[in-house]
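Visitor: Whatever this is, show me its structure:
(one chain, ligands or ions: 1)
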Amino acid sequence: MLEVQDRTQAQVEEAKRRLAGELLILAHHYQRDEIVGVADFRGDSLELSRRAAATEARYIVFCGVHFMAETAAILARPGQRVLLPRPDAGCYLADQVEPIPLEVAWERLGDSIDVERELLPITYVNSTAEVKAFVGRKGGAVCTSANAEKVLRWAFSQRPRVFFLPDQYLGRNVARRLGLPEEEIALWDPRFPPEDLKPFRRARLILWRGACRTHARFLPEDVLRVRAEHPGVKVIVHPECRPEVVELADEVGSTSFIIRKVTESPPGSVWAVGTEGRLVARLGKENPDKVVFNLAEPPPFCPTMSLTRLEDLAQVLSGLLNGEERGRVEVPEEVAAPARAAIQRMLEVS
Ligand code: SF4
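Guide: Numbering: from 1, shown residues only. Sure thing, here's the model as predicted:
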């Protein structure tokens with residue numbers, strides 16, 4: 001088994017050598033170690049999209065999930081190609097908002113408020129290109145977990161109400177940091193669009209009912225358990241976690257914030273980390289002078305981030321050497337242009 005992996009790794013390294021100058025391999029922190037080990041750069045979704053936008057490489061091989069490759073394709077220069085080694089690697093959270101239910105919600109909310117003048121849509125980067133395009137056409141912006149607070153502040157400076165897609169937990173966590181009272185927040189459930197629009201008329205923030213099932217696995221009981229079992233432990237969580245968990249944690253922040261906090265902490269620090277399992281395991285290995293473990297037992301892994309194996313990457317690279325673009329992700333310009341505008345607004349305000 002190891003021999004097969006060694007051979008595949010050698011194949012990837014050889015392809016990288018032959019494609020040098022033309023190729024950039026990006027890997028998200030939640031990817032398998034075998035992928036992170038051969039990538040040119042690893043990062044969270046914001047860092048990776050910045051890297052993708054800055055490169056002049058002709059081929060960007062994105063080891064992550066579909067919306068990330070789409071974002072890279074939206075930002076790509078003419079002639080650049082973005083390839084996703086596993087086209088079936090979607091994102092459960094991103095898939096919870098689709099264009100038609102979104103149009104329906106916008107129209108229905110229009111029965112109660114003047115949506116075009118009063119409501120600004122903001123979408124978390126974990127959303128499809130179509131959803132980003134919808135937001136861009138309405139004058140809204142994209143945000144990431146690292147800049148959601150800044151983007152929401154900007155949104156409220158533009159219009160009195162915000163429609164936040166698709167992560168209800170991230171939206172509520174940021175709303176609490178901004179001091180928005182509960183009665184000014186309403187939840188839009190696309191599966192059961194409400195009959196009674198009164199709560200939406202009152203609301204300043206409307207949250208789409210979506211969540212990441214990996215981060216939703218963390219519960220308040222996990223925080224209480226680790227505090228009982230590890231006196232002195234610091235609990236750090238991602239803002240896609242439930243607000244009840246975030247309330248109990250010592251620190252909350254994006255993937256890059258979590259990595260920085262743990263890495264820069266003094267030797268001997270004890271950390272319970274509420275985010276994806278592979279990232280936490282790697283963080284533990286890279287910080288042997290600290291005790292780092294996952295907040296949940298057993299740790300949650302993102303199933304779609306786990307799909308990409310070294311063989312998938314090797315196949316994409318051998319395809320490139322043979323003039324084939326396997327796993328190419330393309331976004332038609334009529335979708336890419338408004339989606340790009342929404343991303344651009346985020347970059348301007350954050
Ligand atoms: S961890 Fe959650 S938000 Fe991140 S890619 Fe997986 S399903 Fe999507």
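
Visitor: any weak-confidence spans in the protein?
Guide: Counting by pLDDT under 70, the ranges of the chain that qualify are 1-2.

Visitor: Which of the three states applies to the residue most central in space within it?
Guide: With distances taken as Cα atoms, centre = their mean, Asn126 lies nearest the centre of the chain, 4.5 Å away. With DSSP: H, G, I helix; E, B strand; the rest coil as the basis, Asn126 sits in coil.

Visitor: contacts for stretch 17-30?
Guide: For stretch 17-30, contacts defined as Cβ atoms under 8 Å, 6 or more residues apart in numbering pick out 15-16, 35-36, 38-45, 48, 51-52, 55, 57-65, 68, 72, 255, 259, 276, 278-279, 282, 302, 305-306, 313, 317, 320-321. For every residue, glycine as well, the C-beta is placed using N, CA and C.

Visitor: Convert the C-alpha atoms of it to PDB, please.
Guide: Presented in PDB, the C-alpha positions along stretch 17-30 are these (Å, rounded to 0.1, in the frame of the first residue of the first chain):
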ATOM      1  CA  ARG A  17       8.800  19.200 -12.300                       C
ATOM      2  CA  ARG A  18       7.700  18.900 -15.900                       C
ATOM      3  CA  LEU A  19       5.000  21.600 -15.500                       C
ATOM      4  CA  ALA A  20       7.200  23.900 -13.400                       C
ATOM      5  CA  GLY A  21       6.200  27.600 -13.900                       C
ATOM      6  CA  GLU A  22       2.800  26.600 -15.400                       C
ATOM      7  CA  LEU A  23       1.300  24.900 -12.400                       C
ATOM      8  CA  LEU A  24       0.100  25.900  -8.900                       C
ATOM      9  CA  ILE A  25      -1.300  23.300  -6.600                       C
ATOM     10  CA  LEU A  26      -3.400  24.700  -3.800                       C
ATOM     11  CA  ALA A  27      -4.600  22.600  -0.800                       C
ATOM     12  CA  HIS A  28      -7.200  23.600   1.800                       C
ATOM     13  CA  HIS A  29      -6.200  22.800   5.400                       C
ATOM     14  CA  TYR A  30      -9.000  20.200   5.600                       C
END
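
Visitor: Report the distance from it to the chain centre.
Guide: Its chain's C-alpha centre and that of stretch 17-30 lie 20 Å apart, by Cα atoms, centre = their mean, to the nearest Å.

Visitor: Residues of the protein that sit close to the ligand?
Guide: 65, 91-93, 126, 212, 214, 276, 302, 304-305 (Cβ under 6 Å from any ligand atom).

Visitor: ok, Val65 - how many residues close by?
Guide: Around Val65 there are 28 other residues, counting by other Cβ atoms under 10 Å.

Visitor: if I pick it, what's in contact with it?
Guide: Neighbour list for Val65: 28, 89-91, 94, 302, 304-305 [criterion: Cβ under 8 Å, 6+ apart].

Visitor: Select from the residues you listed every entry located in strands.
Guide: His28 (DSSP state E).

Visitor: Considering the contacts of Val65, which is situated nearest to Ile113?
Guide: Ala94 (26.3 Å; Cβ to Cβ).

Visitor: Quick check: that closest one touching Ala129?
Guide: No. Using Cβ atoms under 8 Å, Ala94 is not in contact with Ala129, being 9.9 Å away.

Visitor: Name the residues contacting each of the two.
Guide: Phe67.

Visitor: Now do the host helix or strand of Leu320: everything it contacts.
Guide: For Leu320, the host element (DSSP states H and E) is helix 310-321. By Cβ under 8 Å, 6+ apart, the list of residues contacting helix 310-321 from outside reads 5, 8-9, 11-12, 15-16, 18-19, 23, 25, 32, 34-35, 38, 59, 61, 63, 83, 85-86, 325-327.

Visitor: Let's see that with 6 Å instead.
Guide: 8, 11-12, 15, 34, 59, 61, 83, 85-86, 326-327 (Cβ atoms under 6 Å, 6 or more residues apart in numbering).
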